[in-house]
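> Would you be able to build a 3D model of this:
(one chain, ligands or ions: 1)
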Amino acid sequence: MSSSAVPAAGADPTSKRVLLAKPRGYCAGVDRAVQTVEQALDHYGAPVYVRKQIVHNLHVVQALEERGAVFVEENAEVPEGALVVFSAHGVAPEVHEQAAARGLRTIDATCPLVTKVHQEARRFAKDDYDILLIGHEGHEEVVGTSGEAPANITLVDGPESVAGVEVRDPERVVWLSQTTLSVDETLETVGALREKFPLLQSPPSDDICYATQNRQAAVKAIAPQVELFLVVGSANSSNSVRMVEVALTAGAKASYLVENAAAIDPAWLDGVTTVGVSSGASVPEILVDGALRLLAEQGYGIVEEVAHTEERLTFALPRELRRELGATRVVSGG
Ligand code: SF4
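Okay, here's the model as predicted:
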């Protein structure tokens with residue numbers, strides 16, 4: 001695989017080829033959340049209950065189900081005293097309270113970058129700010145963050161909803177955001193909010209996470225060069241859906257979100273020389289490999305990896321799991 005979008009010397013520029021975005025696929029928060037469930041299964045044995053999809057990917061959820069994870073929507077479905085893992089998207093404080101009331105043992109796999117937004121929300125609410133939370137209504141992360149300070153938080157779902165936003169004191173207002181939004185659309189929303197509230201404050205650091213930003217930037221670099229851009233990801237994965245939008249805005253003639261190789265319609269390839277491929281932050285590489293195999297069968301055997309950024313971030317497992325694993329090692333080692 002080449003690491004550049006420039007065809008190798010002598011290569012026929014009219015050859016069918018794939019430009020493969022890097023970075024793509026698993027981010028540090030997803031990797032940690034999936035490992036959390038795997039290690040909990042290894043350590044405690046099945047069943048391990050998981051509230052909501054641990055990450056928004058069907059393949060990952062099914063693979064964990066086969067190993068004994070049981071996915072539920074709410075704590076009420078978990079037997080009293082059992083172990084439940086909270087997903088990477090984060091939960092409102094009341095979910096922790098419900099779990100404690102049912103005597104559940106919990107492991108919180110909330111991504112640390114989502115936790116950071118929760119902390120910002122708590123801090124600004126304590127200082128009695130109105131918090132304008134830019135995000136998609138109903139998304140689990142937004143529900144969790146809003147639950148930190150429901151009286152102070154107003155959801156702003158894109159630039160078109162700015163007109164209806166009201167605050168108590170326009171001199172004490174801050175915006176925060178969901179971690180997996182479109183960078184460009186969020187800037188547009190912030191611009192519209194700032195026109196309305198000129199003293200609007202910004203979050204202390206980016207809420208849209210590094211993984212979302214890097215994947216969108218890598219898509220943007222490739223999109224103008226392709227007739228078709230395929231993003232591997234599930235329909236409920238916010239960051240994956242945003243990558244399709246970014247591909248189209250950045251110049252790809254067509255772009256589709258595909259769950260896996262089987263979802264690729266060969267008719268999309270008619271007249272296409274160059275296909276862009278990437279995957280959302282919750283997508284295991286095995287699904288990208290499948291898509292590349294299918295494309296190779298269709299004549300797109302040349303794959304050039306276009307590297308935008310190297311990612312090295314990793315997160316430690318949740319404290320409660322580390323403590324337990326460490327304790328076990330001491331016991332079994334003694
Ligand atoms: Fe964390 Fe970003 Fe990955 Fe979400 S997409 S789990 S916020 S690193």
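> for the closest residue to Val288 other than its chain neighbours, which residues make a bridge with it?
Counting by Cβ to Cβ, 6 or more residues apart in numbering, Val288 lies nearest to Ser279, which is 5.0 Å off, once chain neighbours are set aside. Using the backbone N, CA and C atoms, a C-beta is placed for each residue, glycine as well. On the basis of DSSP bridges, Ser279 is bridged to Val232.
> What ranges in this protein fall below the confidence cut-off?
Within the chain, the ranges that satisfy pLDDT under 70 run 1-13, 328-334.
> In it, which helix is the longest?
Looking across the chain with DSSP state H, the single longest helix is helix 28-44.
> Contacts for it, please.
Contacts to helix 28-44, defined as Cβ atoms under 8 Å, 6 or more residues apart in numbering, come from residues 26, 48, 50, 54-55, 60, 64, 67-69, 83, 85, 87-88, 107, 109, 111-114, 209, 211, 281-282, 311, 313-318, 321, 324-325, 328.
> What ranges does this structure have for its strands?
For the chain, the strands defined by DSSP state E occupy 17-22, 48-51, 69-72, 83-86, 105-108, 130-134, 153-156, 173-177, 228-232, 254-258, 274-279, 302-307.
> Make a PyMOL selection of the buried ones in the contacts of helix 28-44.
To isolate in PyMOL the members of those that are buried, counting by 16 or more other Cβ atoms under 10 Å, one can use:
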select buried, resi 26+48+50+54+55+60+64+69+83+85+87+88+107+109+111+113+114+209+211+281+282+311+315+317+318+321+324
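> Go back to the contacts of helix 28-44 and keep what's next to the ligand.
Counting by Cβ under 6 Å from any ligand atom, Ala88, Cys111, Leu113, Val114, Cys209, Ala211, Ala281 from the contacts of helix 28-44 sit close to the ligand.
> number of nearby residues for the residue of the chain found nearest the ligand?
Closest approach between the chain and the ligand, counting by Cβ to the nearest ligand atom: Gly29, at 2.5 Å. Residues contacting Gly29 under the criterion other Cβ atoms under 10 Å number 26.
> which parts of the protein sit against the ligand?
Counting by Cβ under 6 Å from any ligand atom, the residues of the chain near the ligand are 27-30, 88, 111, 113-114, 179-180, 209, 211-212, 239, 281.
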